[in-house]
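Participant: curious how this folds, go ahead:
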Amino acid sequence: MTERGQNAIERTAHQFTVGPSHLRWENDVLTIQIDERVPLLGTKVQGSIKVFPEQLFHHVVALDDHQKHRWGPIAPSARVEVSFTNPSLQWQGNAYFDSNEGDEAISKPFSEWDWSRAHLKDGSTAVIYDVRQKNGNERIIASKFNPNGTVESFEPPARVLLRKTGWGIKRNMRSEQSGGEPSVTLLNTYEDTPFYARSMIQSHLLGEEVVSMHETLNVKRLESNIVQLMLPWRMPRNPTRLF
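Facilitator: Just a heads-up that it's a prediction; the model follows:
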C-alpha cells in the first residue's frame, strides 16, 4: 500500500484508481486490482480481490462530536474471492467492506478506539465502535445490519480489558456475561504494530457466542515522532506519477 499524490488518483462513477491499482464496481461486484511492490525489497504484489455483497447499505454515522469523521458499512456481509499471481495465493471466504472518511487529521479528535464486527446466526452482522475522544467524551456505536437491509441499534455490553499487545497497547472488547462473568478469549493477533492491532476474539454478543474481527487504534502512539519516522518504511510515499 503506497501513499500517492493527487496527480496519481482518478475517480469515475464506477472506478477509483490509485497509481497502478484500482477498485471497480461492475454488475454489483467490487473488483480490487492490486499492482504494488513490497517496501525496500521491491518484490511485486499483484492480484485481484472480488467482493460479492449480500446486501448494500447506505448508512453513515459520525464518529466524533463535531461530525468531521464518518463511518459507514457498504457491505457488512459479503463473499470474497482472492487470486494473486505474486505471491501465488488463492482463497475464498466471508468478507466485510466499509468506508471511513474525514475532514481533518484523525489525530485531532480521537484518543483511541476499539472496533469489532461479528457475523450472527441469522445472517446479520453486529458492529461495535467504541470511541474515546481527546475531549474526554466517549462515542459508542452498536449496530446490527440485517440481511433485509434494515439497521437496528442495540445496547453494547460491558467493556472487558484484554491483555496488552506486543507493543504494549491497551485494548478492550465489549462482551456479555457467560456463567456470571464476561467471557472473552483472544484467539489470534494478525497485526501488531506500535499504534494498531487487529485480532480475532471469541466473546458473547446478543445472546450468542461469536467470533469477531477486532481492531484497536491508539492515536497517541500514532502521533509520536518515532512512529511517524517509521511509517514511510511500512507505507511508502510516492508523490510522482512514476509507478
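Participant: contacting residues for the nearest residue to Lys134 once chain neighbours are set aside?
Facilitator: Closest residue to Lys134 apart from its sequence neighbours, by CB to CB, 6 or more residues apart in numbering: Ser111 at 5.0 Å. For the C-beta atoms, the positions are set from N, CA and C on the backbone; glycine is no exception. Contacts for Ser111 (CB atoms under 8 Å, 6 or more residues apart in numbering) come out as Arg132, Gln133, Lys134, Val219, Lys220.
Participant: quick one: the second one from Leu222, how far?
Facilitator: Between Gln133 and Leu222 the distance is 15 Å, computed by CB to CB, to the nearest Å.
Participant: what is the burial count for Val38?
Facilitator: 12 (other CB atoms under 10 Å).
Participant: just list the residues touching it, thanks.
Facilitator: Val38 makes contact with Lys44, Val45 under the criterion CB under 8 Å, 6+ apart.
Participant: Leu231: which element?
Facilitator: helix 225-234 (DSSP states H and E).
Participant: show me what that helix is in contact with.
Facilitator: Pro39, Leu40, Thr193, Pro194, Phe195, Arg221.
Participant: farthest pair in these?
Facilitator: Among the contacts of helix 225-234, the pair separated by the greatest distance (CB to CB) is Leu40 and Arg221, at 22.6 Å.
Participant: more neighbours: the two, which one.
Facilitator: Counted by other CB under 10 Å, Leu40 and Arg221 do not tie: Arg221 has more neighbours, with 17 against 9.
Participant: how many neighbours does the residue lying closest to that one once chain neighbours are set aside have?
Facilitator: Once flanking residues are discounted, Arg221 sits nearest to Phe195: 3.7 Å by CB to CB, 6+ apart. By other CB under 10 Å, the residues close to Phe195 number 20.
Participant: poorly predicted segments of the chain, please.
Facilitator: Regions of the chain meeting the criterion pLDDT under 70 cover residues 241.
Participant: any chance of the contacts of Ser111 in a markdown table, plus secondary structure and distance to Gln202?
Facilitator: What follows is the contacts of Ser111, written out as a markdown table (DSSP: H, G, I helix; E, B strand; the rest coil; distance: CB to CB, whole Å):
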| residue | secondary structure | distance to Gln202 |
| --- | --- | --- |
| Arg132 | strand | 24 |
| Gln133 | strand | 29 |
| Lys134 | coil | 32 |
| Val219 | helix | 27 |
| Lys220 | helix | 29 |
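Participant: quick revisit: where does the residue nearest to Lys134 sit, in terms of helix or strand?
Facilitator: Taking DSSP H and E as the criterion, Ser111 maps to strand 110-119.
Participant: same check, this time on Glu191
Facilitator: strand 185-192.
Participant: same deal with Phe16?
Facilitator: strand 15-18.
Participant: other SSEs contacting the lengthiest strand in the chain?
Facilitator: Secondary structure of the chain per DSSP state E: the longest strand is strand 69-86. The elements that strand 69-86 packs onto, with contact taken as 3 or more CB pairs under 8 Å, 6 or more residues apart in numbering; DSSP states H and E, are strand 44-53, strand 61-62, strand 89-102, strand 110-119, strand 125-133, strand 138-145.
Participant: and the residue nearest to Arg221, what is it in contact with?
Facilitator: By CB under 8 Å, 6+ apart, the neighbours of Phe195 are Trp167, Ile169, Leu217, Asn218, Val219, Arg221, Leu222, Ser224, Val227.
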